[in-house]
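Participant: Output the structure for:
(one chain, ligands or ions: 1)
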Amino acid sequence: MLLPSLPQLPQIFGNIDIYLFDQLLKGRIQPGMKLLDAGCGGGRNIQYLLQAGVEVYGADASEKAIEKVRELAARVAPEAPKDNFVLADLASLPYPAAAFDVVLCSAVLHFAENEAHFRQMLQELWRVLKPCGMLFCRFSTTIGMEGKLPAVSPQKYQMPHGPVWFLADEALLREMVLLLNTELLEPLKTVLVEQERSMTTLVLGKV
Ligand SMILES: C[S@@+](CC[C@H](N)C(=O)[O-])C[C@H]1O[C@@H](n2cnc3c(N)ncnc32)[C@H](O)[C@@H]1O
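Facilitator: The predicted structure follows:
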């Protein structure tokens, strides 16, 4: 096997989330699978997947993001239909139930307007996932930061880098797991970005 050289790695994987990369190494995403990147932004997490035989779709509420992700797809996977990338809010996705083998949602759920919106988005991500599929989410939470951030309204916090974010706590995440009647594929993993924020990875398998 011809190994890519170390300087080639960023060209191949782009700026992929390291916890998503972990899922690739665990073999949970395979060629031929249908994958939705929900809140895809410019597509940093799908650059490699677009070229790896995965059928990639993307949805985002920003026109600019959809423009950017379409440009990326046209460059790295010209055969990928442009219509696979659509303008949509995660609270109301334009797909039938059980449409995807994998749903990614990276750095999006803390933009929820409130708890109801957060729940609605998570329920939608779950609705479009096939049985036996994987939902991978990474977002900011209060875990490990309890009492350290000023709350401006219930569950909304002034983040040190400027914005106000919705931060779910561990109890809400565990309640959602029960509500979805499922199980964690991995324990919750939370990284504390010193003095700034806490980022939690939630990986669910649909039974
Ligand atoms: C920080 S970026 C993350 C982009 C990408 N997932 C990544 O990890 O690089 C957040 C993205 O979520 C999108 N977004 C925020 N709220 C959304 C919502 N309710 N529905 C759809 N997209 C949303 C924004 O437009 C933005 O592109």
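Participant: Count the residues that sit near N181.
Facilitator: 9 (other CB atoms under 10 Å). For glycine as for every other residue, the C-beta is placed from the backbone atoms N, C-alpha and C.
Participant: Now name the helix or strand holding T201.
Facilitator: strand 197-205 (DSSP states H and E).
Participant: Closest residue of this structure to the ligand?
Facilitator: G41 (2.6 Å; CB to the nearest ligand atom).
Participant: How many residues are close by that residue?
Facilitator: 19.
Participant: on that earlier part again, determine if any part of the strand holding T201 is in contact with the ligand.
Facilitator: No: on the criterion CB under 6 Å from any ligand atom, strand 197-205 is out of touch with the ligand, staying 10.9 Å away.
Participant: what mean pLDDT does that strand have?
Facilitator: In this model, strand 197-205 has an average pLDDT of 98.
Participant: Could you name the helices and strands sitting against it?
Facilitator: strand 129-141, helix 170-179, strand 183-184, strand 189-193 (3 or more CB pairs under 8 Å, 6 or more residues apart in numbering; DSSP states H and E).
Participant: The shortest one: partners in the sheet, and parallel or antiparallel?
Facilitator: Looking back up the chat, that one is strand 183-184. Partners of strand 183-184 in the sheet, by DSSP bridges, are strand 197-205 (antiparallel).
Participant: now the partner strand, how far from the chain's geometric center?
Facilitator: Once both centres are worked out by CA atoms, centre = their mean, to the nearest Å, strand 197-205 turns out to sit 9 Å from its chain's centre.
Participant: Now the phi/psi pair for F166, please.
Facilitator: Taking degrees, to the nearest 10, you get phi -80, psi 120 for the backbone angles of F166.
Participant: Chain neighbours aside, what residue packs nearest to it?
Facilitator: Nearest residue to F166 in three dimensions, chain neighbours excluded: A112, at 4.2 Å (CB to CB, 6 or more residues apart in numbering).
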